[in-house]
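Asker: show me how the following folds:
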Amino acid sequence: MLAHLRKLIRGESALWPLVKQVSLRGAYPCLEGGLELIDLPGLNDPNEARVEVTREYLRTSPFVWVVFSMIRSMTQDIQEILCKEKLLRQLIFSGTYSALSLVGTRADDIDNDAAEQLGLADDCTKRELIGAYREQAINEARKQLEEMVVDLSTEDEKGETLDRMVATARKVRVHATSAKAYMKLEGIGRLLTDFGVEKPAETGIPAIHDHLTEIARGAGAS
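Answerer: Next up is the predicted model:
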């Protein structure tokens, strides 16, 4: 079934244009109260119909999580989504910072060559590398977000108003995750790589679950 679904959602089947969405349901504790996660196709999709679906959800969803690969940090594409679609002004400038979250992925995709750049010794462990990499990604994402807030502000918003908006941006939740390391620790799939991570919390995934649970309990079934 999984192989069949892959063809439909990746455009490998002649029937893929007929698929509007693929829904997965289950008793997931972090999605209690009827919370739904919607994985959108993005705004650079060659299919304009899919792009419009994304825009509609961005206009109407009460929470928006922007996911980016830590290898490239928050790319220009993501910054344009936040700015051109007026997401940043809508979610940050209005004071509803909790509606926006940033999620960096692939924290495990790093090797010892990056140790010096991260301020670590050459003989550091993979665990230390991933930990430092996650911390750097979070700090960099926050810095980029603050810079975007400053760039979007008008002349009338300088001074105390801008300071308040930057302070609001600093409250945005930023996650840096290693899904593969988490799956390895939890015995999900057949991953053979040892990522050197000893506790699930060090992968950032439990923090995602906690955040979703917090939203579900706060927002309720609505």
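Asker: tell me the secondary structure at residue 110.
Answerer: coil (DSSP: H, G, I helix; E, B strand; the rest coil).
Asker: quick one: contacts for residue 177?
Answerer: Residues in contact with residue 177 (Cβ atoms under 8 Å, 6 or more residues apart in numbering) are 103-105, 107, 134, 203-205, 208. For every residue, glycine as well, the C-beta is placed using N, CA and C.
Asker: go ahead and produce PDB holding the CA coordinates of the helix or strand bottoming out on mean pLDDT in the chain.
Answerer: Ranking every helix and strand in the chain by mean pLDDT, DSSP states H and E puts helix 76-84 at the bottom, with a mean of 72. Taking Å, rounded to 0.1, in the frame of the first residue of the first chain, the C-alpha atoms of helix 76-84 are listed here in PDB:
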ATOM      1  CA  GLN A  76      15.500  32.800   0.500                       C
ATOM      2  CA  ASP A  77      12.400  30.900  -0.500                       C
ATOM      3  CA  ILE A  78      11.300  30.500   3.100                       C
ATOM      4  CA  GLN A  79      12.100  34.100   3.800                       C
ATOM      5  CA  GLU A  80      10.000  35.100   0.800                       C
ATOM      6  CA  ILE A  81       7.100  33.000   2.100                       C
ATOM      7  CA  LEU A  82       7.200  34.700   5.500                       C
ATOM      8  CA  CYS A  83       7.500  38.200   4.000                       C
ATOM      9  CA  LYS A  84       5.600  38.100   0.600                       C
END
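Asker: buried sites along that helix?
Answerer: Neighbour counts over helix 76-84 (16 or more other Cβ atoms under 10 Å) mark 78-79, 81-82 as buried.
Asker: any idea which helix or strand comes after the longest helix belonging to the chain?
Answerer: Longest helix in the chain by number of residues, with DSSP state H as the criterion: helix 126-152. Per DSSP states H and E, the first helix or strand lying C-terminal to helix 126-152 is helix 160-169.
Asker: packing partners of that following helix?
Answerer: helix 126-152 (3 or more Cβ pairs under 8 Å, 6 or more residues apart in numbering; DSSP states H and E).
Asker: and the angle from the helix it packs on to helix 160-169?
Answerer: For helix 126-152 against helix 160-169, the angle by axes from the mean of the first three to the mean of the last three Cα atoms, to 10 degrees is 150 degrees.
Asker: list the buried residues for helix 126-152?
Answerer: For helix 126-152, the neighbour count (16+ other Cβ under 10 Å) marks 126, 129-134, 136-138, 140-142, 144-146, 148-149, 152 as buried.
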